[in-house]
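[1] Predicted model, plus sequence, below.
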Amino acid sequence: MSYVCHQCKHPLQLDASLEDLSPSAYDMIASSLPPAQSLQSRPALPSEKLAQLPSPTSVKAAWQRSARSNPSSPSPLSPRTQGKPAHGPRTPVLPNESFVLLQDSSYGGIPSTTTSLSSPKKAASGTKFRQNTQPPRPSSPREQADQPNPSPLSHHLRSTLRLFNLLSSRTDLDHPLCAECTDNLLGELARQLEETKKTRDGYIAFEKEVRKEKERERDGPSKGEVDSKIEKLKEEERLAVEQLKAAEAEHAQLQEELNALELEEKTLEEEEAEFWRAHNAHLLKSAEQEAQLTSLRAAYAADSATLEQLERTNVYNDAFCIGHDGVFGTINGLRLGRVPSVPVEWAEINAAWGQTLLLLYTIARKLDYTFEGYRLTPMGSFSRIERTTPTDKATYELYGSGDLHIGRLLHNRRFDFAMVAFLDCLKQLVDYVKSQDPHVEFPHQIVKDKIGEASVKLQFSQEEAWTRALRHVLLALKILLKWTTNGSNG
């Protein structure tokens, strides 16, 4: 005969210890189970029990909060009455309705009563199977003698079915159960045990509160003490009201002072903001002026350096550079004079005479000196010297020509007069400088048309002597220029 678990519907294999249960083992199992009558009555809910207790409302509310903090979770292992009302009455199945009673003595023979066992069948809806048997009837000794001994297998089946029916009638679950469902059942029972302990602790706490409340009611103050306490509380209330009014008045005064301070603070903040605006504007202006001052100082330093450089610079030396080139004296690179071996062009000579006349004119103007009887007219290669005496007024051209024509002799004569007039002006300026600074020395004396024993006239003289005289003229002009720019006058 096969068995299935009444929870998961899996086939079961019974343990060897259940194959041959003795009556004493059966009685021990039955005595450990709760009585069947306890399953018929529905247990009262904790709320119903609490309502029946004579205790204050505050204590009941405290216990209810404690009970709500530990709610019971539904059992994961459903009873065999799934699908039925949770609190409905459950009709227990009596043992004599589902199995045949065996003899009490474990040493007696096997009962002779023939009992028809029906194999347990389980419907798909999960209802508990029942084994319908006829109650045992006494048999005569003859019948017992005629009937053969029952099979040990049927005896084991009846014993096992009786045990399962007993367990099903005394518990909330149908049996048999598999090992896994049994473990779940044990876990659920352990959880219910913990919840029951918590409920017990709640009841104990509730009982303590009830006792304390009763003690407080029993040991409470008398009416006179209560009245005196009320009067005292009223007096304290009156004093508290007076203090509150005084505090409100002080609060109003402090509020007015606070408003005045806030107004003063706002005014001070505006003044501070205005001060910082003025301060920032002043800082910006000061920074701008500082930048301008720095710029002016830098410009002044640059201008001072430029001025110092310019003061050390002699522009006259750069404008009139006097030197020599062999036997020729040069001014600004132009040769003044000519020799037979080096025939210098008259255009270069005339340009050199123009630079020489311009130098003499510049020195005289710097010294603020006016020549007597002459006026210089520097015009480059076509410069002139005018005689301004009242008795003799003439204009002399200070440039020559190499053209061969009839008027050459007359032109050379005027050119010689111009060179003699230039030499006379040079002598006047030299004498003036010597009168200003006696320490100035000129290496060549000027006497009429000669300077250093060489005549400046070209006509009726050799070109070498004329070139030497012009070189002496440039040397005198260089000494004059140096004294004018670097001497006492400069």
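    It's in.

[2] drop to CA atoms for contacts and neighbour counts, all remaining ones
    Noted.

[3] Could you list the domains of this structure?
    If you go by automatic domain parsing, the domain ranges for the chain are 3-217, 226-313, 316-486.

[4] which one of those has the most crowded surroundings?
    domain 316-486 (a mean of 17; mean count of other C-alpha atoms under 10 Å).

[5] Can I get the domains of the chain in CSV including mean pLDDT?
    CSV is the format used below for the domains of the chain (pLDDT from 0 to 100):
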stretch, mean pLDDT
domain 3-217, 61
domain 226-313, 94
domain 316-486, 88
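
[6] quick one, helices of this structure?
    23-32, 46-52, 57-68, 141-146, 152-170, 179-218, 223-312, 315-319, 346-366, 408-436, 463-486 (DSSP state H).

[7] Could you export those as CSV, including distance to P443?
    Conversion of the helices of the chain to CSV gives the following (distance: least, C-alpha to C-alpha, whole Å):
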stretch, distance to P443
helix 23-32, 162
helix 46-52, 150
helix 57-68, 138
helix 141-146, 190
helix 152-170, 162
helix 179-218, 143
helix 223-312, 27
helix 315-319, 20
helix 346-366, 18
helix 408-436, 12
helix 463-486, 8
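
[8] Quick one: closest of those helices to P390.
    Smallest distance to P390 across the helices of the chain (C-alpha to C-alpha): 15.9 Å, for helix 408-436.

[9] And L261, how far from E248?
    19 Å (C-alpha to C-alpha, to the nearest Å).

[10] hang on, the earlier thing: right, and the helices of the chain - which one's nearest Y3?
    In this view, those are compared for proximity to Y3 by C-alpha to C-alpha, and helix 152-170 is the closest at 10.3 Å.

[11] Show me how far that closest one is from its chain's centre.
    Mean C-alpha position of helix 152-170 versus that of the full chain (C-alpha atoms, centre = their mean, to the nearest Å) differs by 82 Å.

[12] packing partners for it?
    For helix 152-170, not one helix or strand is in contact under the criterion 3 or more C-alpha pairs under 8 Å, 6 or more residues apart in numbering; DSSP states H and E.

[13] Now do that helix against helix 23-32, angle only.
    Following axes from the mean of the first three to the mean of the last three C-alpha atoms, to 10 degrees, one obtains 10 degrees for the angle between helix 152-170 and helix 23-32.

[14] Only C-alpha atoms, please: export helix 152-170 in PDB.
    Output of helix 152-170 as PDB, limited to C-alpha atoms (Å, rounded to 0.1, in the frame of the first residue of the first chain):
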ATOM      1  CA  PRO A 152       1.000  -9.500   9.500                       C
ATOM      2  CA  LEU A 153       0.900  -7.000   6.600                       C
ATOM      3  CA  SER A 154      -2.800  -6.200   7.200                       C
ATOM      4  CA  HIS A 155      -2.000  -5.800  10.900                       C
ATOM      5  CA  HIS A 156       0.800  -3.300  10.100                       C
ATOM      6  CA  LEU A 157      -1.500  -1.400   7.800                       C
ATOM      7  CA  ARG A 158      -4.300  -1.100  10.400                       C
ATOM      8  CA  SER A 159      -1.800   0.000  13.000                       C
ATOM      9  CA  THR A 160      -0.300   2.700  10.700                       C
ATOM     10  CA  LEU A 161      -3.800   3.900   9.600                       C
ATOM     11  CA  ARG A 162      -4.900   4.100  13.200                       C
ATOM     12  CA  LEU A 163      -1.800   6.200  14.000                       C
ATOM     13  CA  PHE A 164      -2.400   8.600  11.100                       C
ATOM     14  CA  ASN A 165      -6.100   9.000  11.900                       C
ATOM     15  CA  LEU A 166      -5.200   9.700  15.500                       C
ATOM     16  CA  LEU A 167      -2.700  12.400  14.500                       C
ATOM     17  CA  SER A 168      -5.200  13.900  12.000                       C
ATOM     18  CA  SER A 169      -8.000  14.000  14.600                       C
ATOM     19  CA  ARG A 170      -5.800  15.600  17.300                       C
END
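
[15] closest to I331 out of the helices of the chain?
    Going by C-alpha to C-alpha, the one of the helices of the chain nearest I331 is helix 346-366, 6.3 Å.

[16] now that closest one and helix 463-486, what's the angle there?
    Using the same axes, to 10 degrees: helix 346-366 against helix 463-486 is 30 degrees.

[17] Dump the C-alpha coordinates for helix 346-366 into PDB.
    What follows is helix 346-366, C-alpha atoms only, in PDB (Å, rounded to 0.1, in the frame of the first residue of the first chain):
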ATOM      1  CA  TRP A 346      84.900 122.500 -60.800                       C
ATOM      2  CA  ALA A 347      81.500 121.300 -59.800                       C
ATOM      3  CA  GLU A 348      83.000 119.600 -56.700                       C
ATOM      4  CA  ILE A 349      85.100 122.600 -55.900                       C
ATOM      5  CA  ASN A 350      82.200 125.000 -56.200                       C
ATOM      6  CA  ALA A 351      80.100 122.700 -53.900                       C
ATOM      7  CA  ALA A 352      83.000 122.600 -51.400                       C
ATOM      8  CA  TRP A 353      83.100 126.400 -51.500                       C
ATOM      9  CA  GLY A 354      79.400 126.600 -50.900                       C
ATOM     10  CA  GLN A 355      79.700 124.300 -47.800                       C
ATOM     11  CA  THR A 356      82.700 126.400 -46.600                       C
ATOM     12  CA  LEU A 357      80.800 129.600 -46.900                       C
ATOM     13  CA  LEU A 358      77.800 128.100 -45.100                       C
ATOM     14  CA  LEU A 359      80.000 127.000 -42.200                       C
ATOM     15  CA  LEU A 360      81.500 130.500 -41.800                       C
ATOM     16  CA  TYR A 361      78.000 132.000 -41.900                       C
ATOM     17  CA  THR A 362      76.700 129.400 -39.300                       C
ATOM     18  CA  ILE A 363      79.600 130.100 -36.900                       C
ATOM     19  CA  ALA A 364      79.100 133.900 -37.100                       C
ATOM     20  CA  ARG A 365      75.400 133.500 -36.500                       C
ATOM     21  CA  LYS A 366      76.000 131.200 -33.500                       C
END
